[in-house]
Every structure is written in structure tokens, then in C-alpha cells.
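K.L.:
predicted model and sequence follow; I will ask about them next.
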Amino acid sequence: MNQKERMLAGLPYKAWLDGLMEERTENKRKVQLYNQLRPDERTRQEELIRSILGKAGKGVHIEPPFFCDYGLNIEAGDNFYANFNCTILDVGKVKIGNNVMFAPNVSLYTAGHPIHPDSRNSGYEYGIAITIGDNVWIGGNVVVTPGVTIGSNAVIGAGSVVTKDIPDNVIAAGNPCRVIREITEDDRKYYFKDREFDVEDYM
Ligand SMILES: CC(=O)SCCNC(=O)CCNC(=O)[C@H](O)C(C)(C)COP(=O)(O)OP(=O)(O)OC[C@H]1O[C@@H](n2cnc3c(N)ncnc32)[C@H](O)[C@@H]1OP(=O)(O)O
């Protein structure tokens, strides 16, 4: 296996060999262009983000500035929205489901380095896949660490550091991120805490 194949297999690999550095440079060039587009250049934004991401469903919008290593290792479903300053270290695969929203400063880190300093200084690093289900809302300043899966319909509270898998249908928050409670039918009619919708078309 070359270093790229090792990287994608979640094995220790060296990030500057076998064309990986060139791929990152090419991606950074596109990302820089994306981040410099004017807000009204919607068609160009859409074309460029589709050429950066490995896969993108219908209605993907990522607010600039956005940062990622390769782009190609990110798969986003339909209706993906990421607010300002999203950082995705996509050394490993990142799979994002349908109807997912990221608040500002969400960071997904598939990448990591060995713990022991001698192993770390060898230059080997790794990327372990991150998976986000459907209908997930991730609050501002959330960090997701390598290998985590966030279940469908989950809400991740602002400022959380998600170090372990989060099941479907829960609110989870904190550092480390833990389940606060399940989301149930009772949540349907509220838009914030005990404030009920005053409109009919919210479902
Ligand atoms: C796409 C975009 O751009 S979105 C715009 C950006 N907005 C955001 O990032 C806002 C994100 N919202 C949050 O983090 C909210 O706190 C929510 C959605 C998690 C609140 O969910 P609720 O069910 O209403 O939780 P509630 O406020 O009742 O709190 C329940 C408990 O969790 C705690 N809690 C709530 N949010 C957090 C959090 N982010 N971190 C740690 N603890 C939290 C509360 O303090 C409370 O604890 P207690 O029981 O000890 O008193």
C-alpha cells in the first residue's frame, strides 16, 4: 500500500509522501478561491464547493471561511448547511447525512498523532472516519474527535467536545459530550425551551 492507501485505510501513514502534499496544496488553492468569492456569487460558490467535496447532495451550502485538508474525503447529503469557520480535517472519511446543520466554528477532526513522543516524532499520523447521521444539528464551537459517529436526529450542544459515539434521537452536550436526554414527541411543539410555536406550518 502507498501512503494514500494507508491513510484511507485508517493506518499510520506519512502525510508528505506519494502525492499527498500535492493533493492538499491543490485543495487549499480551491478552498482559498471559495473563501474569497463574493456572497452574491452563488453559482460559482456551488460549482466550486462541488469540486472540493467528494460528494454533495442537493442544496449544500457552506459559509466561508471553510477549511479542509483534501475535500475529496468529505461526503455530504442533501440540505447540508455549515455556518462560518467550519474546519474539517478529512484525512479519514467524513460522512454527513441529509438535513444536517452546523453552527459556527464546528470542527471535525479525523486526524491525530500517536501519544508517545518518540512515535509521534516518527512522522506517522492517522485519520479515523467520522460519521454524522441524518437530521443532526451541531451547535457552535463543537469539536468532534477521530472515529466518532453521531446518530440521526441528534442535537449537540454548543461548545461540546464529542469524544465518543452519540446515539440517535438525543440531545448531548458538554466536555466530554454526554447525553442529556432523549428527544421525544413532547418536543414537537416547542421552538425553544417552553416557548410554543405560534404558527401552523412548522411540521
Ligand atoms: C446552524 C446554526 O448556525 S445554529 C446557530 C448557533 N446556535 C447554537 O449553537 C445554539 C446551540 N444550542 C444549545 O447548545 C442549547 O443549549 C441546546 C439546544 C443544547 C439546549 O437544549 P435544551 O433541551 O433546551 O436544554 P436545556 O436548556 O433545557 O438544558 C438542559 C441541561 O443541559 C445543559 N446544557 C444545555 N446546553 C448545554 C451545552 N451547550 N453545554 C453543556 N450543557 C448544556 C443545561 O445547562 C441544563 O443543565 P441542568 O439540567 O443541569 O440545568
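P.N.:
Arrived safely, thanks for sending. Residues are numbered from 1 along each chain as shown.
K.L.:
I figured F80 hits E63, correct?
P.N.:
No. When contacts are counted by Cβ atoms under 8 Å, F80 is not listed as touching E63 (11.6 Å). C-beta: built from backbone N, CA, C; applies to glycine.
K.L.:
who's more crowded, the two?
P.N.:
The residue with more neighbours, out of F80 and E63 and counting by other Cβ atoms under 10 Å, is F80; that gives 25 against 16.
K.L.:
make sure L33 is indeed in a strand.
P.N.:
No. Note on L33: no strand contains this position according to DSSP: H, G, I helix; E, B strand; the rest coil, which reports helix.
K.L.:
quick one: contacts for it?
P.N.:
Residues counted as contacts of L33 (Cβ atoms under 8 Å, 6 or more residues apart in numbering) are L48.
K.L.:
could I get the pLDDT score of it?
P.N.:
We have a pLDDT of 98 for L33.
K.L.:
what does the protein put close to the ligand?
P.N.:
With Cβ under 6 Å from any ligand atom as the criterion, the chain comes near the ligand at residues 83, 101, 103, 139-140, 155, 157-160, 171, 173-174, 180, 193.
K.L.:
buried members of those residues into PyMOL, please.
P.N.:
Selection of the buried residues among the residues of the chain next to the ligand in PyMOL, burial being defined by 16 or more other Cβ atoms under 10 Å:
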select buried, resi 83+101+103+139+140+155+157+160+171+173
